[in-house]
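*Asks:* test case, fold it:
(one chain, ligands or ions: 1)
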Amino acid sequence: MPAHLQAAAVPDTAALIKDAEASLMYVVTRPGKVMVQGKGSYLWDSDGKRYLDFIQGWAVNCLGHSPPALARALARQARQLVNASPALYNDQMIRLAKLLTDHSCLDKVFFANSGAEANEGAIKLARKHGALKQNGAYEIITTWNGFHGRTLATMSASGKKHWDELYEPKVKGFVRVPFNDLPAMRQAIVPGRTCAIMLEPVQGEAGVIVATNAYLQGVRALCDEFGLLLILDEIQTGIGRCGTLFAYEQYGIEPDIMTLAKGLGGGFPVSALLAKDAVCVFEQGDQGGTFCAQPLAMAATLAVLEEVIGKKLPAKAATRGRYLLRRLKALAKELGLTDVRGKGLLVGVDLPKDKGAEVVSQCLEAGLLINAPRPNTLRFMPALNLSTAQVDEMLDILTPVLRRVLA
Ligand code: PLP
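*Replies:* You can find the predicted model right below:
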(Lines give C-alpha, C1' and ligand atoms only; values in the text may rest on other atoms or scores of the structure.)
Protein backbone atom coordinates (compact mmCIF):
# COMPACT_ATOMS: atom_id res chain seq x y z
CA MET A 1 0.00 0.00 0.00
CA PRO A 2 1.33 3.52 -0.75
CA ALA A 3 3.02 5.08 2.32
CA HIS A 4 0.62 8.01 2.68
CA LEU A 5 -2.31 5.58 2.79
CA GLN A 6 -0.56 3.45 5.39
CA ALA A 7 -0.18 6.55 7.51
CA ALA A 8 -3.82 7.60 7.05
CA ALA A 9 -6.40 6.47 9.58
CA VAL A 10 -8.28 3.84 7.54
CA PRO A 11 -11.32 2.72 9.52
CA ASP A 12 -11.74 -0.91 10.48
CA THR A 13 -13.13 -2.86 7.50
CA ALA A 14 -15.68 -4.84 9.50
CA ALA A 15 -17.09 -1.62 10.98
CA LEU A 16 -17.30 -0.07 7.50
CA ILE A 17 -19.18 -3.07 6.10
CA LYS A 18 -21.58 -2.94 9.06
CA ASP A 19 -22.28 0.75 8.33
CA ALA A 20 -22.65 -0.02 4.63
CA GLU A 21 -25.26 -2.69 5.28
CA ALA A 22 -27.12 -0.41 7.68
CA SER A 23 -27.22 2.67 5.48
CA LEU A 24 -26.82 1.86 1.78
CA MET A 25 -29.94 0.91 -0.19
CA TYR A 26 -29.58 -2.66 -1.42
CA VAL A 27 -29.24 -2.94 -5.20
CA VAL A 28 -26.39 -5.41 -5.61
CA THR A 29 -24.41 -7.90 -3.54
CA ARG A 30 -20.89 -6.56 -3.13
CA PRO A 31 -17.85 -8.44 -1.79
CA GLY A 32 -16.85 -7.56 1.78
CA LYS A 33 -14.02 -5.25 0.73
CA VAL A 34 -13.83 -1.47 0.81
CA MET A 35 -11.76 0.23 -1.87
CA VAL A 36 -9.86 3.25 -0.64
CA GLN A 37 -7.16 4.08 -3.19
CA GLY A 38 -6.31 3.62 -6.85
CA LYS A 39 -3.26 4.31 -8.97
CA GLY A 40 -2.96 3.33 -12.63
CA SER A 41 -3.87 -0.33 -13.02
CA TYR A 42 -4.03 -1.02 -9.26
CA LEU A 43 -6.61 -0.59 -6.50
CA TRP A 44 -6.09 -0.94 -2.75
CA ASP A 45 -8.69 -1.92 -0.15
CA SER A 46 -8.97 -0.77 3.44
CA ASP A 47 -6.87 -3.74 4.61
CA GLY A 48 -4.01 -2.63 2.35
CA LYS A 49 -4.50 -5.45 -0.13
CA ARG A 50 -3.60 -4.62 -3.74
CA TYR A 51 -5.66 -5.64 -6.78
CA LEU A 52 -4.70 -5.60 -10.45
CA ASP A 53 -7.75 -3.99 -12.01
CA PHE A 54 -9.04 -5.38 -15.31
CA ILE A 55 -12.52 -3.93 -14.73
CA GLN A 56 -11.55 -0.25 -14.29
CA GLY A 57 -14.96 0.91 -13.13
CA TRP A 58 -16.69 -1.08 -15.93
CA ALA A 59 -14.53 0.17 -18.83
CA VAL A 60 -14.55 3.70 -17.44
CA ASN A 61 -11.04 4.58 -16.23
CA CYS A 62 -9.39 4.64 -19.65
CA LEU A 63 -6.24 6.24 -18.16
CA GLY A 64 -6.30 3.97 -15.11
CA HIS A 65 -7.03 5.08 -11.55
CA SER A 66 -6.51 8.70 -10.49
CA PRO A 67 -4.52 9.77 -13.56
CA PRO A 68 -2.40 12.88 -12.85
CA ALA A 69 -3.80 14.76 -15.88
CA LEU A 70 -7.35 14.33 -14.55
CA ALA A 71 -6.37 15.28 -10.98
CA ARG A 72 -4.60 18.43 -12.22
CA ALA A 73 -7.52 19.47 -14.41
CA LEU A 74 -10.04 18.94 -11.60
CA ALA A 75 -7.96 20.93 -9.10
CA ARG A 76 -7.36 23.78 -11.55
CA GLN A 77 -11.00 23.98 -12.67
CA ALA A 78 -12.31 23.67 -9.10
CA ARG A 79 -10.47 26.90 -8.28
CA GLN A 80 -11.55 28.56 -11.54
CA LEU A 81 -15.26 27.74 -12.01
CA VAL A 82 -17.14 24.67 -10.78
CA ASN A 83 -20.61 25.46 -12.03
CA ALA A 84 -22.06 28.28 -14.09
CA SER A 85 -25.51 27.41 -15.46
CA PRO A 86 -26.64 25.08 -18.22
CA ALA A 87 -28.22 28.15 -19.82
CA LEU A 88 -24.85 29.94 -20.07
CA TYR A 89 -21.85 29.09 -22.23
CA ASN A 90 -18.66 28.14 -20.43
CA ASP A 91 -15.23 28.01 -22.05
CA GLN A 92 -14.61 24.32 -21.23
CA MET A 93 -17.85 23.12 -22.85
CA ILE A 94 -17.01 24.94 -26.08
CA ARG A 95 -13.45 23.59 -26.23
CA LEU A 96 -14.65 20.05 -25.54
CA ALA A 97 -17.47 20.17 -28.11
CA LYS A 98 -14.97 21.35 -30.73
CA LEU A 99 -12.49 18.60 -29.82
CA LEU A 100 -15.17 15.90 -30.10
CA THR A 101 -16.61 17.14 -33.39
CA ASP A 102 -13.11 17.67 -34.86
CA HIS A 103 -12.25 14.03 -34.08
CA SER A 104 -15.52 12.36 -35.09
CA CYS A 105 -17.90 12.30 -38.06
CA LEU A 106 -20.59 14.07 -36.02
CA ASP A 107 -21.27 17.82 -36.09
CA LYS A 108 -22.94 18.79 -32.82
CA VAL A 109 -22.79 17.67 -29.17
CA PHE A 110 -25.16 17.74 -26.20
CA PHE A 111 -23.44 16.95 -22.89
CA ALA A 112 -25.10 14.99 -20.07
CA ASN A 113 -24.05 13.04 -17.00
CA SER A 114 -24.53 9.32 -17.57
CA GLY A 115 -24.74 6.88 -20.45
CA ALA A 116 -28.44 6.29 -19.90
CA GLU A 117 -29.10 10.03 -20.01
CA ALA A 118 -27.21 10.38 -23.31
CA ASN A 119 -29.22 7.47 -24.74
CA GLU A 120 -32.48 9.02 -23.52
CA GLY A 121 -31.43 12.12 -25.43
CA ALA A 122 -30.69 10.02 -28.53
CA ILE A 123 -34.14 8.38 -28.33
CA LYS A 124 -35.82 11.79 -27.95
CA LEU A 125 -33.82 13.26 -30.84
CA ALA A 126 -34.73 10.32 -33.11
CA ARG A 127 -38.42 10.59 -32.18
CA LYS A 128 -38.46 14.35 -32.75
CA HIS A 129 -36.70 13.82 -36.09
CA GLY A 130 -39.28 11.14 -36.92
CA ALA A 131 -42.12 13.51 -36.06
CA LEU A 132 -40.73 16.38 -38.11
CA LYS A 133 -38.95 14.72 -41.01
CA GLN A 134 -40.10 11.08 -41.27
CA ASN A 135 -43.87 11.52 -41.44
CA GLY A 136 -44.42 10.82 -37.76
CA ALA A 137 -42.30 7.65 -37.56
CA TYR A 138 -41.43 6.88 -33.93
CA GLU A 139 -40.44 3.24 -33.54
CA ILE A 140 -36.82 2.32 -32.82
CA ILE A 141 -35.43 -1.12 -33.59
CA THR A 142 -32.91 -2.38 -31.03
CA THR A 143 -31.24 -5.76 -30.48
CA TRP A 144 -31.71 -8.65 -28.07
CA ASN A 145 -29.10 -8.63 -25.31
CA GLY A 146 -28.23 -5.02 -26.14
CA PHE A 147 -27.74 -2.72 -23.15
CA HIS A 148 -28.59 0.97 -23.21
CA GLY A 149 -29.06 1.94 -19.55
CA ARG A 150 -31.37 1.84 -16.55
CA THR A 151 -33.85 4.68 -17.05
CA LEU A 152 -37.31 3.47 -18.08
CA ALA A 153 -36.85 4.32 -21.76
CA THR A 154 -33.34 2.87 -21.99
CA MET A 155 -34.47 -0.27 -20.16
CA SER A 156 -37.24 -0.58 -22.72
CA ALA A 157 -34.67 -0.15 -25.50
CA SER A 158 -32.35 -2.75 -23.95
CA GLY A 159 -32.71 -6.40 -24.88
CA LYS A 160 -32.49 -8.08 -21.47
CA LYS A 161 -35.30 -10.64 -21.41
CA HIS A 162 -35.45 -10.77 -17.61
CA TRP A 163 -36.17 -7.02 -17.50
CA ASP A 164 -39.37 -7.44 -19.45
CA GLU A 165 -41.50 -7.94 -16.32
CA LEU A 166 -39.76 -5.23 -14.31
CA TYR A 167 -41.26 -1.76 -13.70
CA GLU A 168 -44.22 -2.29 -15.98
CA PRO A 169 -45.58 -0.59 -17.97
CA LYS A 170 -42.47 0.10 -20.02
CA VAL A 171 -41.95 2.88 -22.53
CA LYS A 172 -43.55 1.82 -25.83
CA GLY A 173 -42.06 2.15 -29.30
CA PHE A 174 -39.16 -0.31 -29.27
CA VAL A 175 -38.89 -3.49 -31.32
CA ARG A 176 -36.08 -5.97 -30.62
CA VAL A 177 -34.36 -8.29 -33.06
CA PRO A 178 -31.43 -10.72 -32.75
CA PHE A 179 -27.98 -9.12 -33.03
CA ASN A 180 -25.83 -9.82 -36.11
CA ASP A 181 -28.95 -10.93 -38.00
CA LEU A 182 -29.47 -8.65 -40.99
CA PRO A 183 -32.56 -10.40 -42.45
CA ALA A 184 -34.30 -10.04 -39.04
CA MET A 185 -33.42 -6.34 -39.00
CA ARG A 186 -34.83 -5.81 -42.50
CA GLN A 187 -37.99 -7.69 -41.58
CA ALA A 188 -38.58 -5.51 -38.51
CA ILE A 189 -38.58 -2.24 -40.46
CA VAL A 190 -42.06 -0.80 -40.95
CA PRO A 191 -41.93 2.13 -43.39
CA GLY A 192 -43.67 5.16 -41.89
CA ARG A 193 -43.40 3.73 -38.36
CA THR A 194 -39.70 2.95 -37.90
CA CYS A 195 -37.57 6.05 -37.35
CA ALA A 196 -34.23 4.59 -36.22
CA ILE A 197 -32.05 1.59 -35.49
CA MET A 198 -30.10 1.70 -32.25
CA LEU A 199 -27.30 -0.72 -31.33
CA GLU A 200 -23.80 -1.19 -29.94
CA PRO A 201 -20.88 -2.02 -32.29
CA VAL A 202 -19.82 -4.52 -29.64
CA GLN A 203 -22.43 -5.72 -27.15
CA GLY A 204 -20.43 -5.35 -23.95
CA GLU A 205 -22.87 -6.38 -21.22
CA ALA A 206 -24.04 -9.29 -23.39
CA GLY A 207 -20.56 -10.80 -23.08
CA VAL A 208 -18.48 -8.95 -25.72
CA ILE A 209 -20.41 -9.91 -28.85
CA VAL A 210 -18.73 -8.15 -31.78
CA ALA A 211 -20.85 -6.91 -34.71
CA THR A 212 -19.50 -8.33 -37.96
CA ASN A 213 -18.41 -5.90 -40.67
CA ALA A 214 -21.11 -7.19 -43.00
CA TYR A 215 -23.78 -6.70 -40.32
CA LEU A 216 -22.96 -3.12 -39.36
CA GLN A 217 -22.42 -2.12 -42.99
CA GLY A 218 -25.71 -3.85 -43.86
CA VAL A 219 -27.53 -2.00 -41.06
CA ARG A 220 -26.16 1.31 -42.40
CA ALA A 221 -27.34 0.36 -45.89
CA LEU A 222 -30.83 -0.49 -44.54
CA CYS A 223 -30.98 2.91 -42.83
CA ASP A 224 -30.08 4.58 -46.12
CA GLU A 225 -32.59 2.51 -48.08
CA PHE A 226 -35.50 3.23 -45.72
CA GLY A 227 -34.50 6.75 -44.60
CA LEU A 228 -33.84 5.72 -40.97
CA LEU A 229 -31.37 7.11 -38.46
CA LEU A 230 -28.52 4.93 -37.26
CA ILE A 231 -27.88 5.45 -33.55
CA LEU A 232 -24.63 3.88 -32.35
CA ASP A 233 -24.33 3.44 -28.60
CA GLU A 234 -20.55 3.77 -28.18
CA ILE A 235 -20.81 4.26 -24.43
CA GLN A 236 -18.64 1.21 -23.80
CA THR A 237 -16.83 0.94 -27.16
CA GLY A 238 -15.84 4.59 -27.62
CA ILE A 239 -12.81 6.61 -26.45
CA GLY A 240 -10.21 4.16 -27.66
CA ARG A 241 -11.58 1.07 -25.95
CA CYS A 242 -11.79 -0.94 -29.19
CA GLY A 243 -8.49 0.23 -30.67
CA THR A 244 -9.72 3.32 -32.54
CA LEU A 245 -11.12 6.48 -30.96
CA PHE A 246 -14.61 5.27 -31.94
CA ALA A 247 -15.47 1.70 -32.94
CA TYR A 248 -17.49 2.81 -36.00
CA GLU A 249 -14.18 3.83 -37.67
CA GLN A 250 -13.30 0.14 -38.04
CA TYR A 251 -16.49 -0.62 -39.97
CA GLY A 252 -16.15 2.04 -42.68
CA ILE A 253 -19.56 3.50 -41.80
CA GLU A 254 -20.82 6.63 -40.06
CA PRO A 255 -23.69 6.84 -37.57
CA ASP A 256 -26.23 9.69 -37.64
CA ILE A 257 -26.27 9.78 -33.85
CA MET A 258 -23.66 8.47 -31.38
CA THR A 259 -23.63 8.34 -27.61
CA LEU A 260 -20.56 8.32 -25.36
CA ALA A 261 -19.99 7.99 -21.59
CA LYS A 262 -17.77 5.62 -19.55
CA GLY A 263 -14.24 6.35 -20.89
CA LEU A 264 -15.20 9.90 -21.86
CA GLY A 265 -14.52 11.36 -18.41
CA GLY A 266 -11.90 8.77 -17.43
CA GLY A 267 -13.82 8.21 -14.16
CA PHE A 268 -15.59 11.56 -13.89
CA PRO A 269 -19.34 11.19 -14.59
CA VAL A 270 -20.10 12.74 -17.97
CA SER A 271 -21.74 11.69 -21.22
CA ALA A 272 -22.34 13.05 -24.68
CA LEU A 273 -24.95 12.78 -27.41
CA LEU A 274 -23.48 13.60 -30.82
CA ALA A 275 -25.37 14.00 -34.10
CA LYS A 276 -25.02 15.04 -37.70
CA ASP A 277 -26.20 18.59 -38.42
CA ALA A 278 -29.23 17.42 -40.41
CA VAL A 279 -30.51 15.44 -37.41
CA CYS A 280 -30.21 18.25 -34.83
CA VAL A 281 -33.89 19.15 -34.56
CA PHE A 282 -34.20 19.98 -30.86
CA GLU A 283 -35.89 23.33 -30.25
CA GLN A 284 -35.78 25.67 -27.26
CA GLY A 285 -36.69 23.71 -24.12
CA ASP A 286 -36.79 20.24 -25.72
CA GLN A 287 -33.72 18.93 -23.93
CA GLY A 288 -31.53 19.96 -20.99
CA GLY A 289 -30.50 19.24 -17.41
CA THR A 290 -29.13 21.14 -14.44
CA PHE A 291 -25.65 19.61 -14.58
CA CYS A 292 -25.33 19.31 -18.36
CA ALA A 293 -22.00 20.70 -19.67
CA GLN A 294 -20.97 21.75 -16.16
CA PRO A 295 -17.42 23.24 -16.31
CA LEU A 296 -15.80 20.79 -13.86
CA ALA A 297 -16.97 17.79 -15.90
CA MET A 298 -15.98 19.51 -19.14
CA ALA A 299 -12.46 20.30 -17.87
CA ALA A 300 -12.00 16.74 -16.61
CA THR A 301 -13.13 15.33 -19.95
CA LEU A 302 -10.92 17.70 -21.93
CA ALA A 303 -7.89 16.55 -19.95
CA VAL A 304 -8.76 12.88 -20.47
CA LEU A 305 -9.50 13.23 -24.17
CA GLU A 306 -6.38 15.29 -24.84
CA GLU A 307 -4.31 12.54 -23.23
CA VAL A 308 -6.13 9.72 -25.06
CA ILE A 309 -5.64 11.47 -28.40
CA GLY A 310 -2.21 13.03 -27.69
CA LYS A 311 -0.66 9.79 -26.44
CA LYS A 312 -2.30 7.74 -29.23
CA LEU A 313 -3.90 5.44 -26.67
CA PRO A 314 -6.42 3.89 -29.11
CA ALA A 315 -3.53 2.48 -31.18
CA LYS A 316 -1.80 1.32 -27.98
CA ALA A 317 -5.03 -0.36 -26.87
CA ALA A 318 -5.15 -2.15 -30.25
CA THR A 319 -1.58 -3.44 -29.82
CA ARG A 320 -2.07 -4.45 -26.20
CA GLY A 321 -5.45 -6.00 -27.07
CA ARG A 322 -3.83 -8.17 -29.75
CA TYR A 323 -1.28 -9.38 -27.19
CA LEU A 324 -4.02 -10.09 -24.63
CA LEU A 325 -6.06 -12.02 -27.23
CA ARG A 326 -2.99 -14.03 -28.30
CA ARG A 327 -2.17 -15.01 -24.73
CA LEU A 328 -5.80 -15.87 -23.94
CA LYS A 329 -6.11 -17.97 -27.10
CA ALA A 330 -3.05 -19.96 -26.06
CA LEU A 331 -4.61 -20.44 -22.63
CA ALA A 332 -7.90 -21.46 -24.27
CA LYS A 333 -6.11 -24.28 -26.11
CA GLU A 334 -4.46 -25.47 -22.94
CA LEU A 335 -7.55 -25.29 -20.69
CA GLY A 336 -10.38 -25.94 -23.12
CA LEU A 337 -11.89 -22.44 -22.98
CA THR A 338 -14.54 -22.40 -25.67
CA ASP A 339 -14.12 -18.92 -27.20
CA VAL A 340 -11.89 -15.86 -26.98
CA ARG A 341 -13.01 -12.69 -28.78
CA GLY A 342 -12.88 -8.94 -28.63
CA LYS A 343 -11.82 -5.65 -30.13
CA GLY A 344 -8.92 -3.69 -28.65
CA LEU A 345 -9.14 -3.87 -24.87
CA LEU A 346 -12.73 -5.10 -24.68
CA VAL A 347 -12.27 -8.85 -24.52
CA GLY A 348 -14.49 -11.79 -23.63
CA VAL A 349 -13.68 -15.42 -22.88
CA ASP A 350 -16.19 -18.28 -22.74
CA LEU A 351 -15.70 -21.03 -20.19
CA PRO A 352 -16.77 -24.63 -20.82
CA LYS A 353 -18.90 -24.49 -17.62
CA ASP A 354 -21.07 -21.83 -15.91
CA LYS A 355 -18.27 -21.01 -13.48
CA GLY A 356 -17.83 -17.29 -14.22
CA ALA A 357 -18.88 -16.10 -10.76
CA GLU A 358 -16.53 -18.59 -9.07
CA VAL A 359 -13.59 -17.52 -11.24
CA VAL A 360 -14.31 -13.84 -10.50
CA SER A 361 -14.50 -14.45 -6.76
CA GLN A 362 -11.31 -16.57 -6.64
CA CYS A 363 -9.49 -13.95 -8.75
CA LEU A 364 -10.60 -11.25 -6.29
CA GLU A 365 -9.10 -13.23 -3.40
CA ALA A 366 -5.92 -13.68 -5.47
CA GLY A 367 -5.69 -9.91 -6.15
CA LEU A 368 -7.23 -9.58 -9.61
CA LEU A 369 -10.44 -7.79 -10.64
CA ILE A 370 -12.26 -9.21 -13.66
CA ASN A 371 -15.96 -9.53 -14.38
CA ALA A 372 -18.41 -12.18 -15.59
CA PRO A 373 -21.23 -10.59 -17.59
CA ARG A 374 -22.74 -14.05 -18.24
CA PRO A 375 -22.54 -17.26 -16.19
CA ASN A 376 -19.95 -18.74 -18.60
CA THR A 377 -18.24 -15.55 -19.83
CA LEU A 378 -15.37 -13.52 -18.40
CA ARG A 379 -14.81 -9.92 -19.52
CA PHE A 380 -11.56 -7.93 -19.51
CA MET A 381 -11.59 -4.12 -19.84
CA PRO A 382 -8.34 -2.78 -18.39
CA ALA A 383 -6.89 0.74 -18.62
CA LEU A 384 -5.87 1.65 -22.18
CA ASN A 385 -2.36 2.50 -21.00
CA LEU A 386 -1.57 -0.80 -19.27
CA SER A 387 1.75 -2.49 -19.95
CA THR A 388 2.51 -5.88 -21.48
CA ALA A 389 3.93 -6.87 -18.10
CA GLN A 390 0.54 -6.15 -16.52
CA VAL A 391 -1.14 -8.44 -19.06
CA ASP A 392 1.37 -11.13 -18.05
CA GLU A 393 0.72 -10.40 -14.37
CA MET A 394 -3.03 -10.81 -14.95
CA LEU A 395 -2.49 -14.18 -16.65
CA ASP A 396 -0.21 -15.32 -13.84
CA ILE A 397 -3.12 -14.82 -11.44
CA LEU A 398 -5.92 -16.02 -13.74
CA THR A 399 -4.31 -19.23 -15.01
CA PRO A 400 -4.06 -21.14 -11.70
CA VAL A 401 -7.57 -19.96 -10.75
CA LEU A 402 -8.97 -21.33 -14.04
CA ARG A 403 -7.03 -24.58 -13.61
CA ARG A 404 -8.55 -25.01 -10.15
CA VAL A 405 -12.11 -24.01 -10.97
CA LEU A 406 -12.34 -25.94 -14.24
CA ALA A 407 -10.59 -29.08 -12.91
N1 PLP B 1 -24.89 1.77 -23.02
C2 PLP B 1 -23.92 0.86 -22.92
C3 PLP B 1 -23.43 0.18 -24.14
C4 PLP B 1 -23.38 0.55 -21.67
O5 PLP B 1 -22.43 -0.39 -21.57
C6 PLP B 1 -23.88 1.22 -20.52
C7 PLP B 1 -23.37 0.88 -19.18
O8 PLP B 1 -22.81 -0.16 -18.95
C9 PLP B 1 -24.90 2.17 -20.68
C10 PLP B 1 -25.37 2.43 -21.95
C11 PLP B 1 -25.46 2.92 -19.51
O12 PLP B 1 -24.54 3.85 -19.04
P13 PLP B 1 -24.69 4.43 -17.56
O14 PLP B 1 -24.53 3.30 -16.62
O15 PLP B 1 -23.60 5.47 -17.46
O16 PLP B 1 -26.03 5.06 -17.49
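*Asks:* spatially central residue for the protein, please.
*Replies:* With distances taken as C-alpha atoms, centre = their mean, Gln236 lies nearest the centre of the chain, 2.2 Å away.
*Asks:* and that one, that's in a strand?
*Replies:* No: counting by DSSP: H, G, I helix; E, B strand; the rest coil, Gln236 is not part of a strand but coil.
*Asks:* who does whatever helix or strand Leu230 lives in touch, helix- and strand-wise?
*Replies:* Applying DSSP states H and E as the criterion places Leu230 in strand 229-233. Packing partners of strand 229-233 (3 or more C-beta pairs under 8 Å, 6 or more residues apart in numbering; DSSP states H and E): helix 115-133, strand 194-199, helix 213-226, strand 257-260. Every C-beta, even on glycine, is put in place using the N, C-alpha and C of the backbone.
*Asks:* which one of these is the most hemmed in?
*Replies:* Comparing those by mean neighbour count (mean count of other C-beta atoms under 10 Å), strand 257-260 ranks first with a mean of 30.
*Asks:* partner strands of that one, with direction?
*Replies:* Taking DSSP bridges as the criterion, strand 257-260 sits next to strand 229-233 (parallel), strand 271-275 (antiparallel) in its sheet.
*Asks:* between those, which gets nearest to Leu216?
*Replies:* With C-beta to C-beta, the closest approach to Leu216 among the strands paired with strand 257-260 belongs to strand 229-233: 8.6 Å.
*Asks:* who's in contact with that closest one?
*Replies:* 115, 119, 122-123, 126, 129, 140, 146, 148, 195-201, 219-220, 223, 247-248, 253, 255-259, 279 (C-beta atoms under 8 Å, 6 or more residues apart in numbering).
*Asks:* tell me the angle of it relative to helix 115-133?
*Replies:* Angle of strand 229-233 versus helix 115-133, following axes from the mean of the first three to the mean of the last three C-alpha atoms, to 10 degrees, is 180 degrees.
*Asks:* strand 229-233 close to the ligand?
*Replies:* Yes: judged by C-beta under 6 Å from any ligand atom, strand 229-233 comes into contact with the ligand at Asp233.
*Asks:* between that strand and strand 194-199, how many degrees?
*Replies:* Using the same axes, to 10 degrees: strand 229-233 against strand 194-199 is 20 degrees.
*Asks:* what is the rounded mean pLDDT of strand 229-233?
*Replies:* Per-residue pLDDT values across strand 229-233 average out to 98.
*Asks:* for stretch 62-81, buried residues please.
*Replies:* Cys62, Leu63, Gly64, His65, Pro67, Ala69, Leu70, Ala73, Leu74, Gln77 (16 or more other C-beta atoms under 10 Å).
*Asks:* ok, the residue of the stretch 251-400 of the chain found nearest the ligand to Val60 distance?
*Replies:* Nearest to the ligand in the stretch 251-400 of the chain, going by C-beta to the nearest ligand atom, is Ala261, at a distance of 4.5 Å. Distance, Ala261 to Val60, using C-beta to C-beta, to the nearest Å: 8 Å.
*Asks:* the more surrounded of these two?
*Replies:* The neighbour count for Ala261 versus Val60, taken as other C-beta atoms under 10 Å, is higher for Ala261 (28 against 22).
*Asks:* hmm, Leu398 is touching Ile370, no?
*Replies:* Yes: using C-beta atoms under 8 Å, Leu398 is in contact with Ile370, at 7.2 Å.
*Asks:* report the set of residues contacting both of these two.
*Replies:* In contact with both Leu398 and Ile370: Val359, Cys363, using C-beta under 8 Å, 6+ apart.
*Asks:* output the strands paired with strand 257-260 in CSV, with mean neighbour count and distance to Gly348 appended to each entry.
*Replies:* As requested, the strands paired with strand 257-260 are arranged in CSV below (neighbours: other C-beta atoms under 10 Å; distance: least, C-beta to C-beta, whole Å):
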stretch, mean neighbour count, distance to Gly348
strand 229-233, 28, 17
strand 271-275, 28, 24
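*Asks:* OK, now which residue of the stretch 101-250 of the chain is nearest to the ligand?
*Replies:* Residue nearest to the ligand within the stretch 101-250 of the chain (C-beta to the nearest ligand atom): Gly115, separated by 2.2 Å.
*Asks:* quick check: closest non-adjacent residue to that residue.
*Replies:* Leaving aside its sequence neighbours, Gly115 sits nearest to Ala261 (C-beta to C-beta, 6 or more residues apart in numbering; 3.5 Å).
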